[in-house]
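Student: Got a predicted model here, sequence first, then my questions.
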Amino acid sequence: MSSENELIDFSSLLPPTNLKPVIQSWLIDDMPTFDVGGLVVGTSIKRAKLYMKSAGVFAGKPFFDAVFNEVGCEVTWNDDISIEGTFLDPKDSPAGSGKITLATVKGPANAILRGERTALNTLSRCSGVATASYLSSQKIKELHPSWTGAIAGTRKVTPGSFRIAEKYGLVVGGCNTHRLDLSQMTMLKDNHIWACGGNITKAVKLARSAAGFSQKVEVECQSVDEAIEAAAAGADVVMLDNFGPEGLKKDAKIVKDRYPNVIVEASGGITFETMGSYVCESVDIISRGDLTQGYACLDYSLKIQK
C-alpha cells in the first residue's frame, strides 16, 4: 500500500476478460442446479446495503463489482469511504452503529441473493490478506525506516482461481506478491536439487537454458555454500531458507559481498513477530507464507432494505 496520501488504484491489474470466467466459475460452484430461495424471493427490484463490520483494510472491490455485474445487478459505491487500501474501523462510524456503509447493490431480489455469498466471501478474504499485508509493511517501516527491501507473500495460497484474490490483497496492502504461479519465475527448491542429483550448478544452468533472459531463476539454499554455488552458476535470487536471524544476516552479507547484484531472500518460518529481526542491508526480501495461509477474514454483510 502507498502512503495514506498516495493510494494507488490497483483494479486495472485485473483485466475484465480474465476475471469474467473466474467469477462465472465461482457462481456456478455456489449454484450448480436449482435456486429455490431465488424462486421464493422473486424478481422485484430491491436495494441492499453493503456493511463493513470489522476493522481492517478494504480490498476486493473489483471482485465484488464483477460478481454483481455477472448476475445483472448494479453497484453504487460510497466513493468517499470505499477506497481500496484504506484502513477502516467501524468503531468510528456515525452514531456508534458499529458498521460502515460502503455500497448499495440494486437489482432483482433473486439476483442480489445469488451473488451475495460469493461477493462477501471474496471481499472478506481479500481484505483479510490486505490487512495482514498492511500491518506487516507498516510495522517494518516503523522498526526499520531506512530498509529498502520488501515483505512478500509466497505461493502458499488457496488452490485454483481464488489465488488471484489473495495475491491482489497482498498488493493492495503494500507487500510483494512473490511469484504468482509456477510459470512466472523458476524456483529451484530442495526437492528439485535432490531430484537431479544434488548438483545446484547443473540445475541452474539447465533452468537458464529454458528460461532465457526474461525470467528470473531462484534457488532455495540450506547453507551459505549452496547460496554461493547458486549465485556463481547464474541464479538471480538466492533464498536462505530456515536460517536463524543472526546466522542469516551473517551469511546474507557473505553472499552480497561476493555477488552484489544477486537478490537475497529470507524465508522459512518467519512471522509478524519475528520478521523485524531478519532485516539488514544484505537482505532484499523477507517472505512469509502466513500472509496468505493464516490470515483472519474481515466481517462484511449485505442487507436488503425493507
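Tutor: All right, it came through fine.
Student: Out of the helices and strands in this structure, which is least certain?
Tutor: The least trusted helix or strand in the chain, going by mean pLDDT, DSSP states H and E, turns out to be helix 190-195, with a mean of 92.
Student: Next secondary structure element downstream of it?
Tutor: helix 200-211 (DSSP states H and E).
Student: In terms of secondary structure, what does the next helix or strand after that following helix contact?
Tutor: Per DSSP H and E, helix 200-211 leads on to strand 217-221 as the next helix or strand towards the C-terminus. Judged by 3 or more CB pairs under 8 Å, 6 or more residues apart in numbering; DSSP states H and E, strand 217-221 is in contact with strand 186-188, helix 190-195, helix 200-211, helix 224-233, strand 237-241, strand 263-267. In this view, the C-beta of every residue, glycine as well, is placed from N, C-alpha and C.
Student: how far off strand 237-241 does strand 217-221 point, in degrees?
Tutor: With axes from the mean of the first three to the mean of the last three CA atoms, to 10 degrees as the basis, strand 217-221 and strand 237-241 are set at 20 degrees to each other.
Student: For strand 217-221, which strands pair with it and how are they oriented?
Tutor: Neighbouring strands of strand 217-221 in its sheet, by DSSP bridges, are strand 186-188 (parallel), strand 237-241 (parallel).
Student: Reformat the ones you listed as a markdown table; add mean neighbour count and distance to Asp65.
Tutor: Below are the strands paired with strand 217-221 laid out as a markdown table (neighbours: other CB atoms under 10 Å; distance: least, CB to CB, whole Å):
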| stretch | mean neighbour count | distance to Asp65 |
| --- | --- | --- |
| strand 186-188 | 21 | 33 |
| strand 237-241 | 24 | 35 |
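Student: re the thing from before, centre of the chain to the least confident helix or strand of the chain, how far?
Tutor: Put simply, helix 190-195 sits 27 Å off its chain's centre (CA atoms, centre = their mean, to the nearest Å).
Student: same question, stretch 163-174
Tutor: For stretch 163-174, the distance to the chain centre is 3 Å (CA atoms, centre = their mean).
Student: Check stretch 174-184 too.
Tutor: Stretch 174-184 sits 9 Å away from the centroid of its parent chain (CA atoms, centre = their mean).
Student: which residues sit against it?
Tutor: Residues outside stretch 174-184 that contact it (CB atoms under 8 Å, 6 or more residues apart in numbering) are 1-2, 85, 133-134, 136-138, 150-155, 163-164, 167, 170-171, 185, 187, 215, 285, 287, 291.
Student: export the helices and strands packed on strand 217-221 to a markdown table and tack on distance to Ala55?
Tutor: Formatted as a markdown table, those follow (distance: least, CB to CB, whole Å):
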| stretch | distance to Ala55 |
| --- | --- |
| strand 186-188 | 35 |
| helix 190-195 | 39 |
| helix 200-211 | 43 |
| helix 224-233 | 41 |
| strand 237-241 | 34 |
| strand 263-267 | 29 |
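Student: Nearest to Asp9, out of the ones you listed?
Tutor: Closest to Asp9 of the helices and strands packed on strand 217-221 is strand 263-267 (CB to CB; 28.0 Å).
Student: Tell me the helices and strands packed up against the closest one.
Tutor: By 3+ CB pairs under 8 Å, 6+ apart, strand 263-267 packs against strand 217-221, strand 237-241, helix 245-258, strand 285-287.
Student: what packs against the shortest one?
Tutor: Under the contact definition 3+ CB pairs under 8 Å, 6+ apart, strand 285-287 sits against strand 150-152, strand 263-267.
Student: Name the residues of the helix or strand that comes right after that strand that come out as buried.
Tutor: Using DSSP H and E, the helix or strand that directly follows strand 285-287 along the chain is helix 290-293. Buried positions in helix 290-293, judged by neighbour count with 16 or more other CB atoms under 10 Å: Asp290, Leu291, Thr292.
Student: Also stretch 129-147?
Tutor: Under 16+ other CB under 10 Å, the buried positions of stretch 129-147 are Val129, Ala130, Thr131, Ala132, Ser133, Tyr134, Leu135, Ser136, Ser137, Ile140, Trp147.
Student: Can you add pLDDT and give the residues you listed back as JSON lines?
Tutor: Output for the buried residues of stretch 129-147, formatted as JSON lines (pLDDT from 0 to 100):
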{"residue": "Val129", "pLDDT": "98"}
{"residue": "Ala130", "pLDDT": "98"}
{"residue": "Thr131", "pLDDT": "98"}
{"residue": "Ala132", "pLDDT": "98"}
{"residue": "Ser133", "pLDDT": "98"}
{"residue": "Tyr134", "pLDDT": "97"}
{"residue": "Leu135", "pLDDT": "98"}
{"residue": "Ser136", "pLDDT": "97"}
{"residue": "Ser137", "pLDDT": "96"}
{"residue": "Ile140", "pLDDT": "97"}
{"residue": "Trp147", "pLDDT": "97"}
